[in-house]
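>>> Sequence below, structure please.
(one chain, ligands or ions: 2)
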Amino acid sequence: MEKLIITAAICGAEVTKEMNEYVPYTIEEIAKEAHNAYLEGASIIHLHVREDNGVPTQDLTRFSLAIDAIKELCPDVIIQPSTGGAVGMTNDERLTPINLNPEMCTLDCGSVNFGGDEVFINTENDIKYFAEKIYERNILPELECFGKMHVDQVLYLLKKGHIKEHLHFSFVLGVNGGMTGYERDFVFLRESIPSDATYSVAGIGRFEFSLAELAIADGGHVRVGLEDNLFIEKGVLAKGNGELVKKVALLAKKYKREIASPKEARIILGLKEL
Ligand code: KMH
Ligand code: ZN
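Numbering: from 1, shown residues only. Ligands and ions are numbered 1, 2, ... in the order given. Predicted structure coming up:
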């Protein structure tokens, strides 16, 4: 089986220090959490940034500072800035970090309820706009799908030429308002993508490690981190992203999956060598 790519979603836009003190806000905290994840086997850092007080932002300078600080500690790691940002941001605001020409970024492939009155809006035209801007810069998008209809949207936009191969999906399952992350959901999505596509799972909350295990056994890839889940086990807060990545690395051992280095992850995803 292909080696396992572990992505660490270290910070997100929604979780706070009140929920888990290890959620990073400052540039130094973000770099430290990325480094801890990298040391445990993460080859991709899925990156959101915050103001020092924790407010989510898509500010270009903030991204640039965070990326430089991460690269200082983990020079070869793949950095994948979010173009999802936080609910309510404009499309152009969300797209800001692509101006730094990262190797990857996210591309959210449909709208989803995000709890209460919040809707994370990604219309078909929004997705086409994001895709055009992302491919223009030769950035590989991670295709974030919060349910089966988002996978279908990707396949439709592929046929119409708006989305291009290589397809690397992220099944983000367990959002309150999106698709759940049970085994049957995983199998449904897994069977819906082309055989030459790659995928990663991002289980939200209690789905984090059960989905990780399914993907590891199947030959897929895994995203974990405080953005998605704050607990190392039921009722026990994780002591940072490193601990969450370490738990996935241990699961990989159980299935005899080796962990991909950033160099190997680049080959699997068809990215250029550093
Ligand atoms: N924060 C969510 C509204 C992404 O990074 O592309 C969107 C999100 C997805 O986290
Ligand atoms: Zn994100």
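>>> Please list the residues of the stretch 51-200 of the chain that sit near ligand 1.
82-84, 86-87, 106, 108, 120, 144 (CB under 6 Å from any ligand atom). For every residue, glycine as well, the C-beta is placed using N, CA and C.
>>> Mind giving me the ChimeraX command for buried ones among the residues you listed?
Typed into ChimeraX, the line below selects the buried ones among those, using 16 or more other CB atoms under 10 Å:
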select :82,83,84,86,87,106,108,120,144
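>>> Please identify which of the residues of the stretch 51-200 of the chain next to ligand 1 is nearest to residue 9.
residue 82 (8.6 Å; CB to CB).
>>> List the contacts of that closest one.
Taking CB atoms under 8 Å, 6 or more residues apart in numbering, we find residue 82 in contact with 13, 46-48, 94, 97, 105-106.
>>> Which pLDDT value goes with it?
You'll see residue 82 listed with a pLDDT of 99.
>>> which SS class is the residue nearest the centre of the chain?
The residue lying closest to the centre of the chain (CA atoms, centre = their mean) is residue 46, at 4.9 Å. Under the three-state scheme (DSSP: H, G, I helix; E, B strand; the rest coil), residue 46 adopts strand.
>>> thinking again about what came up before, can the residues of the stretch 51-200 of the chain next to ligand 1 go into a markdown table with extra columns for distance to residue 199 and secondary structure?
A markdown table is the format used below for those (distance: CB to CB, whole Å; DSSP: H, G, I helix; E, B strand; the rest coil):
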| residue | distance to residue 199 | secondary structure |
| --- | --- | --- |
| 82 | 18 | coil |
| 83 | 19 | coil |
| 84 | 18 | coil |
| 86 | 25 | coil |
| 87 | 25 | coil |
| 106 | 14 | strand |
| 108 | 15 | strand |
| 120 | 20 | strand |
| 144 | 11 | strand |
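>>> so what's the residue of the chain found nearest ligand 1 up against?
With CB to the nearest ligand atom as the measure, residue 84 is the residue of the chain nearest to ligand 1, at 2.5 Å. Contact analysis of residue 84 by CB under 8 Å, 6+ apart lists 13, 94, 106, 108, 120, 144.
>>> Could you double-check that the last one sits in contact with residue 104?
Read it as residue 144. No. Using CB atoms under 8 Å as the test, residue 144 is too far from residue 104 to be in contact (11.7 Å).
>>> want to throw the residues of the stretch 51-200 of the chain next to ligand 1 into a markdown table with distance to residue 198?
Output for these, formatted as a markdown table (distance: CB to CB, whole Å):
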| residue | distance to residue 198 |
| --- | --- |
| 82 | 19 |
| 83 | 19 |
| 84 | 20 |
| 86 | 27 |
| 87 | 28 |
| 106 | 15 |
| 108 | 18 |
| 120 | 24 |
| 144 | 14 |
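>>> Next one: the residue of the chain positioned farthest from its centre from residue 131, what distance?
Most distant residue from the mean C-alpha position of the chain: residue 160, 25.2 Å away (CA atoms, centre = their mean). Distance, residue 160 to residue 131, using CB to CB, to the nearest Å: 10 Å.
>>> and if you look at residue 241?
Residue 241 is 29 Å from residue 131, by CB to CB.
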